[in-house]
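Asks: fold the following and give me the result.
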Amino acid sequence: MVLIDNMPLSVPSPQAAVRAVSRVAGSATIATFEIAAAALPDGEYNLMTLPKNFLKLSETVTYLKTADNQVLDLVTYLENTL
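Replies: I've put the predicted structure just below:
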């Protein structure tokens, strides 16, 4: 996901998110060094280090926009149950 003027925008991949924020002022996303380097091989990016445990990755579900209905059903179930 990408935030553009505090509005979320779904994109098909983490690399697409990095490319989107590199072109739109006032936008942000979270990525690893490896994702940023793959999306922008010229090295035209700045990464800010987040404090340890800033994100609760143990409570995060990431899935592709093209995920099949079984994955979407599982995510919906988890969101409603937890």
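
Asks: and the spatially closest residue to E59 that is not a sequence neighbour, what's its pLDDT?
Replies: Closest residue in space to E59, ignoring its immediate chain neighbours: L82 at 7.7 Å, by CB to CB, 6 or more residues apart in numbering. C-beta here means a position set from N, CA and C on the backbone, and glycine is covered the same way. On pLDDT, L82 comes in at 72.

Asks: L82: neighbouring residues, count only.
Replies: 7 (other CB atoms under 10 Å).

Asks: how much space separates it from T62?
Replies: When distance is defined by CB to CB, to the nearest Å, L82 is 15 Å away from T62.

Asks: not counting residues beside it along the chain, what's closest to L55?
Replies: Looking at L55 with CB to CB, 6+ apart, the closest residue is I30, at 7.3 Å.

Asks: kindly tell me how buried Q70 is, as a neighbour count.
Replies: For Q70, using other CB under 10 Å, the count is 8.

Asks: picking up where we left off before, distance of the residue nearest to L55 from T76?
Replies: To T76, I30 is 23 Å away according to CB to CB.

Asks: could you do P51 as well?
Replies: Counting by CB to CB, the gap from P51 to T76 is 31 Å.

Asks: give the helix, strand or coil label for the residue nearest to L55.
Replies: coil (DSSP: H, G, I helix; E, B strand; the rest coil).

Asks: for the remainder of this discussion, apply numbering that starts at 225.
Replies: With the count now opening at 225, the last piece we talked about shows up as I254.

Asks: next, it: phi, psi?
Replies: Taking degrees, to the nearest 10, you get phi -110, psi 130 for the backbone angles of I254.

Asks: Provide a list of residues in contact with the nearest residue to A252 once chain neighbours are set aside.
Replies: Distances taken as CB to CB, 6+ apart place L227 nearest to A252, at 5.0 Å, with adjacent residues excluded. Neighbour list for L227: 233, 251-253 [criterion: CB atoms under 8 Å, 6 or more residues apart in numbering].

Asks: could I get the phi/psi values of L227?
Replies: Per-residue torsions, L227: phi -110, psi 120 (degrees, to the nearest 10).

Asks: and if you look at the one 4 residues further on?
Replies: With angles defined as degrees, to the nearest 10, M231 shows backbone torsions of phi -110, psi 130.
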